[in-house]
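S.K.: I'll drop the sequence and a predicted model, then ask my questions.
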Amino acid sequence: MLDDKILNFFKKQKDNYLSGEELSEALDVSRTAVWKHIEKLRGEGYEIVASPHLGYKLLSVPDRLTEIELKWQLETEVIGRKIYSYKETDSTNDVAHNLAASGEKEGSVVIAEHQSKGRGRLGRKWVSPRGKGAYLSVILRPDILLRELSAVTLFTALSVAKTIREFVDLPAFIKWPNDILVNKRKVCGILTELDGEADKINFVIAGIGININTKRELLPKDASSLLAEKGEKVSRVEFVKSLLRNLDRYYRIFNKGKINKIVEEYKKFSSVLDRMVQINYHNRLISGQAVNIDDEGALILRMDSGFNERILAGDITMLR
Ligand code: BT5
C-alpha cells in the first residue's frame, strides 16, 4: 500500500523531484521507511534517482501489468474498477471464476504475467509465455439469457480488434467466434465461460489471451504476436489500458441492448463473412458460405441446398 502511495505521488509530480521529507510527512512515516520503500520499488524495476539536495525522481516504470500501472488514469466506469494482478497463476479464468462465485462485483479483472494451465476451448491449451503477453479475465454480470451468451464473445472480440487497430495500427480481423488474426495469424484467443442455470446467468467470465511482445518461436505454429507483425515492441501496460477502455465502452453499449450497433461494427472486421467455410460443429462437418452474423452472435451459413443454417459455436476452416 505504501509503495502504491509513493508511486502515486511520483506520478502526480511528473518530472519533479520529491524530497524524502515531503514524502515522509505526507505519508506519515519516517524518512528511513521512505528510503526502504524506494529501494523496494527499485528492486521491482522502477528507475528512481536520488539527489542529496533535491530528493527522489521517478525516471521510468517497469513493463509490468500491475494494478497500480494499469489503474493509473484508466478512467473506466465498470471494467477494471478492481484489478488483481499475479506474476503467475494456473488460469486467470479459474481465479476470476472463484472470485465471482464468492460475490466479486462485475468489472473486476484478473491478470497474470504467466499461466501454468492457460486454457482454450474444449480442453485445449493456451500457451502463455512469461512477461510478454497479456492473459486476463473479466468478471461480468450481464442481465441476459443463456442464448445471448455468444454476444459477450462478440463484443469482447470487437474490443480486442479495435484496440489492435487503434493502438498498434495493425489490420486485425475477427475469425468467428473467438480468434483475432493479424495477417492471417492468430494473435489472440477468447474464452467465454459462464456460471448459471438454464434460465439464469449468475456471471460470465470473459478470458482474453493476447500475444504482445512474444517471440514467434515460443508460440504454436500459425500463431503470431503484435511484436512479430509490427516489427516493434508494444507497451503492454498502455495496450491493456486501451483494451479495458474499449471493453468498458462496448459493454455499456451491450447493456443498453444495442447489440445491433456492436454487430454492425464487428462485421467490418470479420474475416469469415462472404467466404466459403467449413465448420466443425458438434463433431459434424458443415460447409457453406458465411452470409451473416446475427444479433445473438450466431453465424449464418448458406448451404449448397440453398437453406440457411444457424451456427452457435465451432471451429472454422476457410475453404476459399
Ligand atoms: C482460444 O481457444 O483461443 C481461447 C484462449 C483463451 C486464453 C485466455 S488467457 C486468459 C484466460 N485464462 C485462460 O485460461 N484462458 C483465457 P481455442 O479456440 O480453443 O484455441 C486454442 C488453440 O489455439 C490451441 O489448440 C493452439 O492451437 C492455439 N494456441 C494456443 N496458445 C496460443 C497462443 N498463445 N497464441 C495463439 N494460438 C495459440
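M.R.: Sure thing, it's come through.
S.K.: contacts and neighbour counts: CA atoms only from here.
M.R.: Noted.
S.K.: D304: neighbour count?
M.R.: 10 (other C-alpha atoms under 10 Å).
S.K.: By residue count, what's the longest helix in the protein?
M.R.: Looking across the chain with DSSP state H, the single longest helix is helix 236-255.
S.K.: Next to the ligand, which bits of the stretch 151-300 of the chain? Give me the list.
M.R.: Within the stretch 151-300 of the chain, the positions near the ligand by C-alpha under 6 Å from any ligand atom are 179, 186-191, 207-209, 211, 219-220, 223.
S.K.: export those residues to a markdown table and tack on neighbour count, secondary structure and distance to R141?
M.R.: Formatted as a markdown table, these follow (neighbours: other C-alpha atoms under 10 Å; DSSP: H, G, I helix; E, B strand; the rest coil; distance: C-alpha to C-alpha, whole Å):
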| residue | neighbour count | secondary structure | distance to R141 |
| --- | --- | --- | --- |
| D179 | 23 | strand | 23 |
| K186 | 24 | strand | 28 |
| V187 | 27 | strand | 27 |
| C188 | 27 | strand | 23 |
| G189 | 24 | strand | 21 |
| I190 | 24 | strand | 17 |
| L191 | 20 | strand | 16 |
| G207 | 28 | strand | 14 |
| I208 | 25 | strand | 17 |
| G209 | 24 | strand | 21 |
| N211 | 26 | coil | 27 |
| L219 | 18 | coil | 33 |
| P220 | 11 | coil | 33 |
| A223 | 17 | strand | 31 |
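S.K.: The longest helix of the chain - what's its average pLDDT?
M.R.: Taken as a whole, helix 236-255 has an average pLDDT of 97.
S.K.: by contact count, what packs against the helix or strand following that helix?
M.R.: Per DSSP states H and E, the first helix or strand lying C-terminal to helix 236-255 is helix 259-268. In this structure, helix 259-268 packs against helix 150-163, helix 236-255, with contacts taken as 3 or more C-alpha pairs under 8 Å, 6 or more residues apart in numbering; DSSP states H and E.
S.K.: Okay, now the sheet partners of the helix or strand just after helix 259-268, with direction.
M.R.: Counting by DSSP H and E, the next helix or strand C-terminal to helix 259-268 is strand 276-281. Within its sheet, strand 276-281 is paired with strand 284-293 (antiparallel), strand 315-318 (antiparallel), according to DSSP bridges.
S.K.: Next, count neighbours for the closest residue to T89 other than its chain neighbours.
M.R.: Nearest residue to T89, sequence neighbours excluded (C-alpha to C-alpha, 6 or more residues apart in numbering): Q115, at 5.0 Å. Using other C-alpha under 10 Å, Q115 has 22 neighbouring residues.
S.K.: My guess is Q115 contacts S91. True?
M.R.: Yes - look at Q115 against S91 with C-alpha atoms under 8 Å: they come within range, at 5.5 Å.
S.K.: Show me what the helix or strand hosting F173 is in contact with.
M.R.: In this assignment (DSSP H and E), F173 forms part of strand 172-175. Under the criterion C-alpha atoms under 8 Å, 6 or more residues apart in numbering, residues 157-158, 161-162, 164-165, 180-183, 266, 269-272, 316 lie in contact with strand 172-175.
S.K.: now do stretch 235-253
M.R.: Contacts of stretch 235-253 (C-alpha under 8 Å, 6+ apart): 63-65, 69-71, 74-80, 132-134, 155-156, 159-160, 162-163, 167, 212-213, 259, 261-262.
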